[in-house]
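Participant: Just a sequence and a predicted model for now, questions to come.
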Amino acid sequence: MNKRITVLLVDDQLDFINGLSRLLLSEFEDLDVLTAEGGQRGLALMEQSEIHLLITDLQMPEMNGLQLMAEVHRLHPETKVIILTGFGTIEKAVEAVRQGAFDFLTKPVASEQLYRAVSKAVAILKLEAENRHLRELLGREGKEVLLGESSAMRQVRQSIEAVAGTDYPVLIQGESGTGKELASRMVHRLSTRVKKSYIAVNCPAIPDSLMESELFGHCRGAFTGADQDREGLFLAANHGTLHLDEIGDISPTMQTKLLRFLQEGEVRPVGCTRTLKTDVRIVASTNQPLAQKVEENLFRADLYYRLNVIAITMPPLRDRSEDIPLLAQYFFEKTLIEMNIQGMTIEPEVLSYFATKDWPGNVRELHNYIRRLLVFSGRENINMTAVQRIDSPAPQLPPLEEELGPYKAMKALVADRFSRIYIEQLLTTTSGNVSEASRISGLSRVAIGKLSQRLGIDLGRFR
């Protein structure tokens, strides 16, 4: 769906809907507003144009609001409908909601109520459109995407598209969890090397003693255990892309050998006298300030300038908070697929709340948070109550203050302490609602009651 929302106003009083149109256009910048005098004309417009939101009077001659809504839902099931009604017909309006109307407003329509109802409908429409788009993205096997409509992410995508067609080295910088490897994969996927190998190497994960052999290979007999020639990753990635992740952690010796490759386009396997030509595009990434490390003589300046031909900086999540709801929705849909869950939804207010939170771990932290949220959701729709349960700090077990005694006695003491902390935290979270506490804990209502009584916990003080 286009980012703009098309609203159709239908009433048998033309002056009234013209007034509503002026109100909406003065308040919303992303709305296109159409008007129709009567249900038949409204239906004709619906058949000609894609209408996202219909606001219609209930009582109209020829075709009333309920009849129009039924036809609209037949033509466009995703269209939201807001019913307008006089005070004397509120019961019919409530019935309209039961039949599928999104909301209803009473005449005369107060501008604040109109804005609130339309804002809510627009938010739901955009969320549903994003859901459809994200399901399409998730259905494309092997296709990775950098999501976000912020100016920072648009600039990142433009930079990737611009550099992908070249063979120059690329340096991707950014904090941990910002999506540096995903950006690297997109550079490869959009390049002419896409049909060749893409190999990612986590540099800190390889011991210094093995790094040279891992990257450049070795000849038989080069060291103890080298009983045959081995091709390194530079040769394995020939004509493709080699991603060196966390390049700032490689040793000075490896910096020198990497510089030789960038200068000469050749590698020398460990223990060999010959050099081998290889055509590899290097994409390096780091969460460290390489320029500062150069000044401190911790990273070779000539290597830095060789790598830094084209630089891409991945923005932290705090600098693109407007992208958080979209990312959270994407991770929600992705996790549903991972967990083989269908039919669950996440409320828009939850997505808006996420945009206000700090995510020091960036996109990775948000993704893992969504996974945790779904694991502990009990497969119920995600609302703010579910989020508050996850955000509540876990009960902390205080250290033993008594002198150590027999194991069984001390075990019982610790168990009682844990039970008290757990039950009190549970009842605080549920405001003393024992049924909700039972659902969360898996304990029966009777068990919670007996446990509380034994521990001297007054259920009433949590209500």
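Facilitator: That came through fine. Since this is a predicted model, take the numbers as computed values, not measurements.
Participant: For residue 389, identify the helix or strand it belongs to.
Facilitator: Per DSSP states H and E, residue 389 falls inside helix 384-391.
Participant: Run through the residues that contact the nearest residue to residue 63 once chain neighbours are set aside.
Facilitator: In this structure, residue 63 finds its nearest non-sequential neighbour in residue 39, 2.9 Å apart by CB to CB, 6 or more residues apart in numbering. Bear in mind the C-beta positions are built from the backbone N, C-alpha and C, glycine included. Contact analysis of residue 39 by CB atoms under 8 Å, 6 or more residues apart in numbering lists 10, 56, 60, 62-65, 67-68.
Participant: Now the buried members of the residues you listed.
Facilitator: Neighbour-count burial (16 or more other CB atoms under 10 Å) applied to the contacts of residue 39 gives 10, 56, 60, 63-65, 68.
Participant: Tell me which other helices or strands whichever helix or strand comes after the helix holding residue 389 touches.
Facilitator: Counting by DSSP H and E, the next helix or strand C-terminal to helix 384-391 is helix 407-429. In terms of contacts (3 or more CB pairs under 8 Å, 6 or more residues apart in numbering; DSSP states H and E), helix 407-429 is packed against helix 434-441, helix 445-455.
Participant: Among the ones you listed, show me which one is buried the most.
Facilitator: With neighbours taken as mean count of other CB atoms under 10 Å, the helices and strands packed on helix 407-429 reach their highest mean count in helix 434-441, at a mean of 16.
Participant: mean confidence score for it?
Facilitator: Average pLDDT, helix 434-441: 76.
Participant: so where's the stretch 101-250 of the chain uncertain?
Facilitator: Residue ranges of the stretch 101-250 of the chain with pLDDT under 70: 130-144, 222.
Participant: Is it possible to get the helices and strands packed on helix 407-429 out as JSON lines so that each row also shows distance to residue 15?
Facilitator: JSON lines is the format used below for those (distance: least, CB to CB, whole Å):
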{"stretch": "helix 434-441", "distance to residue 15": "51"}
{"stretch": "helix 445-455", "distance to residue 15": "59"}
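Participant: what about the ones you listed, which gets the closest to residue 80?
Facilitator: Evaluated with CB to CB, the helices and strands packed on helix 407-429 place helix 434-441 nearest to residue 80, the distance being 31.6 Å.
Participant: Distance from the chain centre to the closest one, please.
Facilitator: Its chain's C-alpha centre and that of helix 434-441 lie 29 Å apart, by CA atoms, centre = their mean, to the nearest Å.
Participant: How about residues contacting it?
Facilitator: Residues contacting helix 434-441 (CB under 8 Å, 6+ apart): 378, 389, 422, 426-427, 429-430, 443-445, 448-449, 459.
Participant: Compute the inter-axis angle for that helix and helix 407-429.
Facilitator: Here the directions of helix 434-441 and helix 407-429 differ by 120 degrees (axes from the mean of the first three to the mean of the last three CA atoms, to 10 degrees).
Participant: Taking the buried ones among the contacts of residue 39 together, which two end up most distant?
Facilitator: Farthest-apart pair in these is 10 and 64; separation 10.5 Å (CB to CB).
Participant: What are the structural domain limits within the chain?
Facilitator: 5-136, 151-313, 318-391, 407-462 (automatic domain parsing).
Participant: Output those domains in a markdown table; the columns should cover distance to residue 145.
Facilitator: Output for those, formatted as a markdown table (distance: least, CB to CB, whole Å):
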| stretch | distance to residue 145 |
| --- | --- |
| domain 5-136 | 9 |
| domain 151-313 | 8 |
| domain 318-391 | 9 |
| domain 407-462 | 36 |
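Participant: Show me the contacts of residue 39 that map onto helices.
Facilitator: 65, 67-68 (DSSP state H).
Participant: So which residues of the stretch 151-300 of the chain form strands?
Facilitator: Applying DSSP state E, counting those that start in this stretch to the stretch 151-300 of the chain gives strands spanning 170-173, 198-202, 217-218, 230-231, 241-245, 266-267, 276-277, 281-286.
Participant: May I have the strands that pair with the fourth one, each with its orientation?
Facilitator: If you go by DSSP bridges, strand 230-231 pairs up with strand 217-218 (antiparallel).
Participant: what's in contact with the partner strand?
Facilitator: Residues from elsewhere that reach strand 217-218 (CB under 8 Å, 6+ apart): 226, 229-232, 234-235, 267, 269-272.
Participant: Going by distance to residue 79, which of the residues you listed wins?
Facilitator: Nearest to residue 79 among the contacts of strand 217-218 is residue 234, at 56.7 Å by CB to CB.
Participant: any idea how far the closest one is from residue 439?
Facilitator: 56 Å (CB to CB, to the nearest Å).
Participant: next one: residue 65
Facilitator: Distance from residue 65 to residue 439, by CB to CB: 40 Å.
Participant: just residue 390 next, same as before
Facilitator: Going from residue 390 to residue 439 by CB to CB gives 15 Å.
Participant: Next, count neighbours for residue 369.
Facilitator: 19 (other CB atoms under 10 Å).
Participant: Show me the helices in the stretch 101-250 of the chain, by range?
Facilitator: Counting by DSSP state H, counting those that start in this stretch, the segments of the stretch 101-250 of the chain that form helices are 111-138, 151-164, 180-189, 208-216, 233-236.
Participant: picking up where we left off before, as a markdown table, the contacts of residue 39 with pLDDT would be great.
Facilitator: Below are these laid out as a markdown table (pLDDT from 0 to 100):
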| residue | pLDDT |
| --- | --- |
| 10 | 92 |
| 56 | 91 |
| 60 | 88 |
| 62 | 81 |
| 63 | 87 |
| 64 | 86 |
| 65 | 86 |
| 67 | 87 |
| 68 | 89 |
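Participant: which of those sit farthest apart?
Facilitator: Maximum distance among the contacts of residue 39 (CB to CB): 12.9 Å, for 56 and 62.
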